[in-house]
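Asks: Sharing a model prediction with you, sequence too.
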Amino acid sequence: MEPREIISESAATLTVNKIRTGLAMLGVVIGIGSVIALMSLGQASQKSITDRITSLGANLLTVRPGAMQSGGIRSASARDTLTLEDAEAILTSIDAVEAIAPLVNGNAQLVAKRNNTNATVYGVTDDYQTVNNVTMASGTFVTDRHNTAISRVVVLGPDLVTDLFGEGTDPVGQNVRFNGQTMQVIGVTASRGGSGFNNQDSVAFVPLKTAQALLFGQNYLSSLGLKISDETLMTEAETQVERLLLARHQMTNPDEADFMIMNQEDLLATVTETTGTFTTLLAGIAAISLVVGGIGIMNIMLVTVTERTREIGLRKALGAKKKVIIQQFLTEATLITVIGGVVGVRGGMGVSLVIAQLMSLAFTINSMSILLAFGVSVAIGIIFGWYPAKKAANLQPIEALRYE
Amino acid sequence: MSLIEVKAVSKIYRVSDEVETVALDQVTFSVEKGEFLAIVGPSGSGKSTLMHILGALDVPTSGSYRLDDQEVGDLDEDTLAEIRNQKIGFVFQAYNLLPRTSALKNVMMPMIYGGIKVKEREKRAKQLLSQVGLADKLNHWPNMLSGGQQQRVAIARALAMTPAIILADEPTGNISGQQVTEIMDRLNQLNQAGHTLLIITHDQEVAGYAKRTLTLKDSRLVADNVNGRQR
């Protein structure tokens, strides 16, 4: 029997009971669909995060508080170690450091008249604008004077302006309340095309000292960005910063450091690893639904074998060998899973396209995951179709012919 | 050399360790090419068991069954399937046509397993269906045909692989009246055309068409008559 014939005959059998075939297929559609959607979304968000990191330039160092543990994971215990004084010492004593961007961050609910919204609040100095290439849509950024004076001023991201004042309005001069403080809006940053999990366009910037004194009540830094004058000086600068901070923190053993210094490459590696783990985890959960779908198919195929006992008996009586019967039933099962897989891939791509657009992520799909999904569908058909097919092939023709 | 040689064939079913049921007891006979043979007997006499063995659907517990000069008694399942496909044409009481499948495709089925090319299959199936007078019903599903017509499709199917013998198990058991005569006339014609024909039946009228009658009783062969006379 030619392969084309087996397939067309199996297809004909499957169309006899369309609802049942459809339901059996649905399990695979949902399984494959969710695996594809989650993998593609994971890759998309990973890409957007890494893109942003690389767009910042290669001459940035970031110092974070907390001890470096094995595998690059920061311990949660020692976070209050990095101060503004550390930052200033670095700027004054290390020549290669061109600018510093100390930062404290936290979350706050911003209120303007009747509107309110949740935002990430960054306490920054004027250098943040230089180091992170922030451009303004209107007004000015936080200045040195604002910091010395602990001014109650705020620079809003474009998304926050939309949420609080309505789209297209210029809120400069208006007041925003948060954490019990009234802040005057002095500027709006230009849109950077925010992305999902970490939207730069919904950040509110306040003077660093204002944030420390009035909002979060702490003297420590969440992170410290360093702009190095030349890319070739990166390694040297990193060593110098480390030595200086160790000395300032009265430590001798670099392994016990209560801070860590990351360059862009380290950062990229960490982010890629983290998002990669999440993507795999999510895809793994989705894969469970695939297994459930496979069991559904096995169940249906077993029912089919019982229902078609007489047919199987007749086929065997007319000369069908075991192999042919196995082929027939495996083809039916695989046809269900492959069609389900194709529909699932398309559905999953559709879902991730919609979500990617809602979260303004770049939609990506790699051919690897499509190929993988296809392979998995075939494998599920064969694995879960095997037992029913074997059962059918082992039916005795006499018993099967007599079966009522 | 006879076409069918059955020598001391017994079939014993072991129900449990102690209980055994003897379904066929030392049956011996032979059939020449071109014969028209009826196997008769009351139910429980071992007719069906004999038919299963003759049809290579089952193997005897002891004894020898040679079909067309080949020992069938001790073959594996797949080789038995091949024998059924190549040498035996089945006509069942309940027609056993595939539902929701055209008459043409039903007739083509044995040829699929016989490895005959698609074009040849279709040509031959059409030819066979017109031989049984169903040239205008090629694309009809079994449920659109009368019992007699369905059995004619089954006869066409039995001829598909030009088998050595045609084995009909109560071929008129599910049909009545005029159609019985029609089916029996068809089978008679096949015999006259040279086909070896074995019919299992308990119907005396049907058995009357055959030239030779084997009678089974209590698992034994008790009579072998040719044209009504003991052989």
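Replies: Thanks, I have it. Residues are numbered from 1 along each chain as shown, chains lettered A, B, ... in the order given.

Asks: From here on, just use CA atoms for contacts and neighbour counts.
Replies: Fine.

Asks: and residue A:118, how many residues sit next to it?
Replies: 16 (other Cα atoms under 10 Å in any protein chain shown).

Asks: I'd like the distance between residue A:366 and residue A:349.
Replies: Relative to residue A:349, residue A:366 is positioned 11 Å away (Cα to Cα, to the nearest Å).

Asks: the more surrounded of these two?
Replies: Shown here are residue A:366 and residue A:349; by other Cα under 10 Å, residue A:349 has more neighbours (25 against 11).

Asks: where does the more buried one land on pLDDT?
Replies: On pLDDT, residue A:349 comes in at 92.

Asks: how about it, what does it touch?
Replies: For residue A:349, the contact set (Cα atoms under 8 Å, 6 or more residues apart in numbering or on different chains) comprises A:33, A:36-37, A:40, A:365.

Asks: Over to residue A:3: give its phi and psi.
Replies: Per-residue torsions, residue A:3: phi -50, psi -40 (degrees, to the nearest 10).

Asks: what's the pLDDT at residue A:72?
Replies: On the pLDDT scale, residue A:72 is placed at 50.

Asks: hang on, isn't residue A:62 packed against residue A:228?
Replies: No - applying Cα atoms under 8 Å as the test, residue A:62 and residue A:228 come out as separate, 10.7 Å apart.

Asks: So which of these two has more stuff around it?
Replies: residue A:228 (23 against 20).

Asks: With adjacent residues omitted, what lies nearest to that one?
Replies: In space, and not counting its chain neighbours, residue A:228 is closest to residue A:97: 4.6 Å by Cα to Cα, 6 or more residues apart in numbering or on different chains.

Asks: For the one you found, give me phi and psi.
Replies: Backbone geometry at residue A:97, expressed as degrees, to the nearest 10, gives phi -80, psi 120.

Asks: Then the one 10 residues further on?
Replies: When quoted as degrees, to the nearest 10, the phi and psi of residue A:107 stand at phi -110, psi 150.

Asks: Can you name the residues bridging to the residue nearest the centre of chain B?
Replies: Closest to where the C-alpha atoms of chain B average out (Cα atoms, centre = their mean) is residue B:167, at 1.2 Å. Counting by DSSP bridges, residue B:167 is bridged to residue B:90, residue B:198.

Asks: hang on, it packs against residue B:199?
Replies: Yes - contact criterion Cα under 8 Å: residue B:167 and residue B:199 qualify, at 6.1 Å.

Asks: average model confidence for the strand or helix carrying residue B:214?
Replies: Using DSSP states H and E, residue B:214 falls within strand B:212-217. Averaged over strand B:212-217, pLDDT sits at 94.

Asks: Next SSE downstream of that strand?
Replies: Immediately after strand B:212-217, counting by DSSP H and E, sits strand B:220-226.

Asks: Give the other helices and strands that that following strand contacts.
Replies: strand B:20-31, strand B:212-217 (3 or more Cα pairs under 8 Å, 6 or more residues apart in numbering or on different chains; DSSP states H and E).

Asks: Pipe these into JSON lines and attach mean neighbour count and distance to residue A:191 per row.
Replies: What follows is the helices and strands packed on strand B:220-226, written out as JSON lines (neighbours: other Cα atoms under 10 Å in any protein chain shown; distance: least, Cα to Cα, whole Å):
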{"stretch": "strand B:20-31", "mean neighbour count": "17", "distance to residue A:191": "90"}
{"stretch": "strand B:212-217", "mean neighbour count": "21", "distance to residue A:191": "97"}
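
Asks: Would you reformat these as JSON lines and include distance to residue B:72?
Replies: As requested, those are exported to JSON lines (distance: least, Cα to Cα, whole Å):
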{"stretch": "strand B:20-31", "distance to residue B:72": "14"}
{"stretch": "strand B:212-217", "distance to residue B:72": "21"}
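
Asks: okay, those strands in TSV with distance to chain A next?
Replies: Output for the helices and strands packed on strand B:220-226, formatted as TSV (distance: least, Cα to the nearest Cα, whole Å):
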stretch	distance to chain A
strand B:20-31	15
strand B:212-217	20
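
Asks: Tell me which of these sits nearest to residue B:192.
Replies: Closest to residue B:192 of these is strand B:212-217 (Cα to Cα; 14.3 Å).

Asks: what's next to the closest one, contact-wise?
Replies: Contacting residues not belonging to strand B:212-217 are listed as B:35-42, B:45-47, B:207, B:221-228 [Cα under 8 Å, 6+ apart].

Asks: which among those end up buried?
Replies: Taking 16 or more other Cα atoms under 10 Å in any protein chain shown as the criterion, what is buried in those is B:35-41, B:45-47, B:207, B:221, B:224.

Asks: From the chain's centroid, how far away is the helix or strand hosting residue A:274?
Replies: Using DSSP H and E, residue A:274 maps to helix A:264-307. The chain centre lies 16 Å from the centre of helix A:264-307; the measure is Cα atoms, centre = their mean, to the nearest Å.

Asks: show me the contacts for the closest residue to chain B within chain A.
Replies: Going by Cα to the nearest Cα, chain B is nearest to residue A:319 of chain A, at 4.2 Å. By Cα under 8 Å, 6+ apart, the contact set of residue A:319 is B:81-86, B:110, B:113-114.

Asks: repeat for residue A:357
Replies: Each residue near residue A:357 by Cα under 8 Å, 6+ apart is listed here: residue A:363.

Asks: Make sure residue A:348 is actually in contact with residue A:39.
Replies: No - contact status for residue A:348 versus residue A:39: not in contact, 9.4 Å apart, counting by Cα under 8 Å.

Asks: count of residues packed around residue B:155?
Replies: Close neighbours of residue B:155, defined as other Cα under 10 Å, add up to 27.

Asks: separation between it and chain A?
Replies: Using Cα to the nearest Cα, to the nearest Å, residue B:155 is found at 13 Å from chain A.

Asks: And what about residue A:117, helix, strand or coil?
Replies: strand (DSSP: H, G, I helix; E, B strand; the rest coil).

Asks: in the sheet, who's paired with it?
Replies: In beta-bridge terms (that is, DSSP bridges), residue A:117 pairs with residue A:110.

Asks: Please identify the helix or strand for residue A:391.
Replies: helix A:367-393.

Asks: Please point out which parts of stretch A:253-269 sit buried.
Replies: Using 16+ other Cα under 10 Å as the test for burial, stretch A:253-269 gives A:257-264, A:267-268.

Asks: Can you tell me what sits against it?
Replies: Under Cα under 8 Å, 6+ apart, the answer for stretch A:253-269 is A:50, A:53-54, A:58-68, A:78-79, A:81-82, A:238, A:242, A:246, A:251.
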